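Engineer: Provide a 3D model corresponding to the input given below.
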Amino acid sequence: MVKQRCCKEEARPTGERCRRLPRYADVSRTGALHTRSSTPHPFHYFSPASETEAYCILIANVNYREGSMTLYGRTITCPCGDSIKSLDTWARLFRWSKTRVRRFFLNSQKLQLIKYSIDHSLAHIHIVDFLP
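Structural biologist: Predicted coordinates:
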């Protein structure tokens, strides 16, 4: 008989990975051995966002009131409907590459949905006709 090892963090609904090593084996009800590497949890891997989802994420991450930040000793005001984040941050939010993020911003600017500029490797995004 194989000793079954259980993982307390296996049933987390937050999508975090189980800290269990993939070499441990489980015994199913039929008695067959299954390794964790062959049956991943469905929440372990998230698919990249579509362009519609990316635009919704963009809308959700703009300022709803005026704010300011200090960048290289200079104070930059970020009005309502604007966002100043790096391309790396946007790539992580969209689960895309930086090239795809840059292309998405340029295409959105061509469609006149946003105004896009790069300041010191930060993407300054302004949503056109944004109403809080």
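
Engineer: Determine the set of other helices and strands touching the longest helix anywhere in the chain.
Structural biologist: In the chain, assigned by DSSP state H, the helix with the most residues is helix 98-110. For helix 98-110, the packing partners by 3 or more Cβ pairs under 8 Å, 6 or more residues apart in numbering; DSSP states H and E come out as helix 51-60, helix 87-94, strand 114-119, strand 122-127. Any C-beta I mention is one placed from the backbone N, CA and C, and that applies to glycine too.

Engineer: Residue 74 is nearest to which of the ones you listed?
Structural biologist: Comparison of the helices and strands packed on helix 98-110 against residue 74 by Cβ to Cβ identifies strand 114-119 as nearest, at 9.9 Å.

Engineer: Report the mean confidence score over the closest one.
Structural biologist: When pLDDT is averaged over strand 114-119, the result is 91.

Engineer: quick one: strands adjacent to that strand?
Structural biologist: Next to strand 114-119 in the sheet, as set by DSSP bridges, lie strand 122-127 (antiparallel).

Engineer: Many thanks, have a good one.
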